[in-house]
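> can't give you the sequence, but here's the structure:
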C-alpha cells in the first residue's frame, strides 16, 4: 500500500489560517526599507497551501495569476471550491511536490511562497522544492519562506521527540490523532511534575508545554506530530537555497526591521561590526533566541541608490485597516514594549483616519508643516504594518477590476460563518489580501446585505442563526444561557460594530 502522506498528519485538516506574508504586495515596503529593488508580482505560487484561504484571498483580490498545490485532497478540494466561487482563475491542485513541480504547464513565477512547510518535510522534498525554485522562479523573483529555527527550538527538540514517540508507541491508532495528542501532552505533564533533571536544566520548557496545551489540537497535530520536523539554523537554510541562486533579502516580519525594540545598543554595535550579512543573521538569532523565521529571499538582489530608494518609497501606497481609536501607540519587540512618538505617529494616523489609500509621498506632503519627514513616515509605515494597523494598498484601477469577485467570495465565506468560526478573514480589493472579520461581524454583514439596516435587526438575525443550532454566546469564559441575555449581548456587539468596524470594512471594499 502506497503511503501518500509521506509521514505528514493527514487524518485531520489544517486550520483555516490567513498569512499576510504570502501577499506579494507587501514585499514592496519591506524591500524598499532594506534598500532593495522590489519585485513585480504578476505570477505567483503557493506550495503547501493548507486549506487554501491565503491563496484564494490573494488570487481573488489581485490581478496576479495564482497557482498552488497541497497534497491533502480534502484541503485542495475546499481551496478549489473557493477559487471557482470567486472566479479568480486560480489553479490549485492536490499533487505532491514531486508531481506538481514537474508540471509542464506552469509559468515562471515572480513570487513563490511556503508558509509552515519547510520544517515539516523530508530532505527529499526539500530538494524537489529547491530544484523548482532554481527552474521556475524568475530573475528578480521572490521566495517567501517561514520555518522553525534554532537556537529558539533547541531545548524543545527532545520534548517534541518524546511527544511524537508517545503518540506512536503508546497511542492506539483507532483513537485518532487528536486523542493521541491529548494523551501525549498529559504524559509529558505527569513526567515533568516529577522534576526530571532535564526540566531543571531547561526551565523554559515547562512554560512552553503549558502554552502548547492551550493551543488548537488540529494545529498541534500538524506542528509537532509529523514524521519529519527539523528546526533549521539560518546558515543551514542559506546552504539549501544557494543551490537555487537565492540570496537573503530581508525579514518578512516588519517588526524584525526595528533593531531598537529587539536588541540592545551593545548588541547592535556587535552586529554592525560583523562584515558578512549572512553570518550577522545567524548571530542575531542568538540574541533574540529566534524560534520562527519569516524571510524573503530573491533571485538576484539589486541594491537601489539613495535617490532611487527615495523616489520609490514616495510611491508606496498604504491604508489604515483599523479604526483610528483602536491603534495604540505601543509596539512590542524582543526587548518588551516601547511607546511610539505621539508627535510623529499621531499626525500620520489622523491623516489616514479616513481609510483612504495614500502614498508615503502624499503623507509626507500632508504633514510638511508638522515637522514629519519621509524617513519618519517610512519608519512609521514599517512599524504600523508590523502592528497590522496599516496595509499596502493597490492602485484604484486594480481595485475596480477585482472588486466584484472579492464580493462574491466574501458572501460565500460569510454564509459559512453561519455554522462556525473556522474562517475569520475576508478579501479586500484595496489591500490585495485578507482582512480579519470575526464570525459575528460576518453575520452582521450578512444581515445588512439582506436589507436589515439597524444593529438591533442584525442582532436578532444572528440570534436566530445561533438558536436554530443550539449555540450560545460565551462571555467571560461562560456560556450565556437565556435568550434575553444572548440578545442583549448581540445588540451590544452590533452597536459597537456599527460604530467602529463597519465603516472601515466599507472603505476597504470588503462589502
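Received the coordinates, thanks. Keep in mind the model is a prediction, meaning the values are calculated, not measured.

> Check the burial of residue 429 by counting its neighbours.
25 (other CB atoms under 10 Å). All C-beta spots, glycine's among them, are computed from the backbone N, C-alpha and C.

> who's in contact with it?
Counting by CB atoms under 8 Å, 6 or more residues apart in numbering, residue 429 touches 61, 394, 398-400, 402-403, 406, 509.

> Averaging pLDDT per element, find the lowest-scoring helix or strand in the chain.
None of the helices or strands of the chain scores lower by mean pLDDT, DSSP states H and E than helix 217-224, at a mean of 73.

> where's whatever helix or strand comes next after that helix relative to the chain centroid, distance-wise?
Using DSSP states H and E, the helix or strand that follows helix 217-224 towards the C-terminus is helix 234-242. Distance of helix 234-242 from the chain centroid (CA atoms, centre = their mean, to the nearest Å) equals 23 Å.

> all numbers from here: first residue = 54
Shifting the count to begin at 54 puts that one at helix 287-295.

> Show me which positions of helix 287-295 end up buried.
287, 290-291, 293-294 (16 or more other CB atoms under 10 Å).

> Likewise for stretch 355-372?
Neighbour counts using 16+ other CB under 10 Å place 357, 362-363, 365-367, 369-372 of stretch 355-372 among the buried residues.

> Start and end of it, how far apart?
27 Å (CA to CA, to the nearest Å).

> Over to stretch 374-385?
Stretch 374-385: ends 19 Å apart by CA to CA.

> what does it rub up against?
By CB under 8 Å, 6+ apart, stretch 374-385 touches 308, 311, 314, 373, 390-395, 398-399, 402-403, 405-406, 408, 436-437, 439-444, 481, 484, 488, 553-554, 556-557, 561.

> from these, which ones fall inside helices?
Among the contacts of stretch 374-385, the members found in helices (DSSP state H) are 395, 398-399, 402-403, 405, 436-437, 439, 553, 556-557.

> Please produce a ChimeraX select command covering the buried subset of these.
Burial among the ones in helices among the contacts of stretch 374-385 is assessed by 16+ other CB under 10 Å; the matching ChimeraX selection reads:
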select :398,402,405,436,437,439,557
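
> Please convert the ones in helices among the contacts of stretch 374-385 to TSV, extending it with distance to residue 336 and pLDDT.
Shown next, in TSV, are these (distance: CB to CB, whole Å; pLDDT from 0 to 100):
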residue	distance to residue 336	pLDDT
395	34	95
398	31	97
399	36	96
402	35	97
403	40	97
405	37	98
436	24	96
437	28	97
439	22	95
553	43	94
556	46	96
557	41	97
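
> Looking at the ones in helices among the contacts of stretch 374-385, which one is closest to residue 218?
When these are compared for distance to residue 218 (CB to CB), residue 439 wins out at 37.9 Å.

> Distance-wise, check the closest one relative to residue 149.
Residue 439 sits 35 Å away from residue 149, going by CB to CB, to the nearest Å.

> ok, now residue 376?
Noted for residue 376: a distance of 44 Å to residue 149, by CB to CB.

> Over to residue 318?
Remark: distance between residue 318 and residue 149 (CB to CB) = 49 Å.

> Longest strand in the protein, please.
strand 190-201 (DSSP state E).

> and that strand, which strands flank it?
strand 162-167 (parallel), strand 345-351 (antiparallel) (DSSP bridges).

> Flag every buried residue along it.
Buried residues in strand 190-201, counting neighbours by 16+ other CB under 10 Å, are found at 190-191, 194-201.

> Could you find which two of those residues are furthest from each other?
Within the buried residues of strand 190-201, 191 and 201 form the most distant pair, 28.2 Å apart (CB to CB).

> Please identify the buried residues of stretch 234-254?
Quick answer for stretch 234-254 (16+ other CB under 10 Å): 234-238, 240-241, 244-245, 252.

> ok, now stretch 139-147?
Of all the residues in stretch 139-147, those buried under the rule 16+ other CB under 10 Å are 139, 141, 143-147.

> Save these as a markdown table, and put in secondary structure too.
Listed next are the buried residues of stretch 139-147 as a markdown table, based on DSSP: H, G, I helix; E, B strand; the rest coil:
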| residue | secondary structure |
| --- | --- |
| 139 | helix |
| 141 | coil |
| 143 | coil |
| 144 | strand |
| 145 | strand |
| 146 | strand |
| 147 | coil |
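
> Which one's more surrounded, residue 318 and residue 149?
residue 149 (16 against 9).
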